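A.B. asks: let me see the structure of the following:
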Amino acid sequence: VLTEINHYVMSPADRYYLTDSRMDAYKKALDAVFAHEEEVRLSDSYDDNLAVLGYLQQSPYTFVVSDYTFTPDHTGMYFEYAYPAEECTEMFELIDQEYLTLINETITPDMTELEKVLAIHKYFAQRISYDYDWLDELNMSDDQYLFPDIVIYQALTTNKGVCHTYT
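C.D. replies: A predicted model of the protein is given here:
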């Protein structure tokens, strides 16, 4: 039985391109988000820090960050949050609990990697329905495509989403 989520897990393809120093900076930045810190020191390499930002933006946990800005010397980042710290913590806890439930109820030790992926896909396909209400309210009058909250939190709390939610 899994009791804790590893927040740093990423696809093998993504991990392949993250050097150890970039991975360390990624972990430091993600930990800063979990702690609701407004600033984090990363590395002296702007290229490494750009890569870290890219991976941060792919994390299912960084939806709480409304804006990322590099420090003037590009060795760190400032975070602006969309939610207060306490609310972020509650959302992270809900996501982790949902992940643990999903994994412990869906995955068995005898499954192959492919079977695990298919089981997780099936779980979400059965649980999350398409958000037709959002589609009905879509406003394209300003030639802007308005995205709904496409984060996993939204899907786990409403059981609704759109194409982007599934990805």
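
A.B. asks: quick one: contacts for the residue nearest the centre of the chain?
C.D. replies: The residue lying closest to the centre of the chain (CA atoms, centre = their mean) is P60, at 1.0 Å. Applying CB atoms under 8 Å, 6 or more residues apart in numbering, we find P60 in contact with I95, V151, I152. (Glycine included, C-beta is placed from N, CA and C.)

A.B. asks: likewise for F63?
C.D. replies: Per CB under 8 Å, 6+ apart, neighbours of F63: A82, D149, V151, I152, Y153.

A.B. asks: of those, which belong to strands?
C.D. replies: Cross-referencing the contacts of F63 against strands under DSSP state E gives no overlap.

A.B. asks: I'd say K27 and M10 touch.
C.D. replies: No - at 11.0 Å, K27 and M10 do not qualify as touching, with contact defined as CB atoms under 8 Å.

A.B. asks: with neighbour numbers in mind, choose between these two.
C.D. replies: Taking other CB atoms under 10 Å, K27 and M10 do not tie; M10 has more neighbours (16 against 13).

A.B. asks: okay but G76 is in contact with Y68, surely?
C.D. replies: No - with contacts defined as CB under 8 Å, G76 does not count as touching Y68, sitting 10.8 Å away.

A.B. asks: out of those two, which sits in the busier spot?
C.D. replies: Legend: neighbour count by other CB under 10 Å for G76 and Y68, higher for G76 (19 against 16).

A.B. asks: please point out which parts of the longest helix anywhere in the chain sit buried.
C.D. replies: Longest helix in the chain by number of residues (criterion: DSSP state H): helix 85-106. For helix 85-106, a neighbour-count test (16 or more other CB atoms under 10 Å) marks C88, M91, F92, I95, E98, Y99, L102, I103 as buried.

A.B. asks: among these, which one sits closest to N159?
C.D. replies: E98 (11.0 Å; CB to CB).

A.B. asks: not counting residues beside it along the chain, what's closest to that closest one?
C.D. replies: L156 (4.8 Å; CB to CB, 6 or more residues apart in numbering).

A.B. asks: what about the one you found, helix or strand, and which?
C.D. replies: helix 152-158 (DSSP states H and E).

A.B. asks: what's the spacing between that helix and its chain's center?
C.D. replies: 12 Å (CA atoms, centre = their mean, to the nearest Å).
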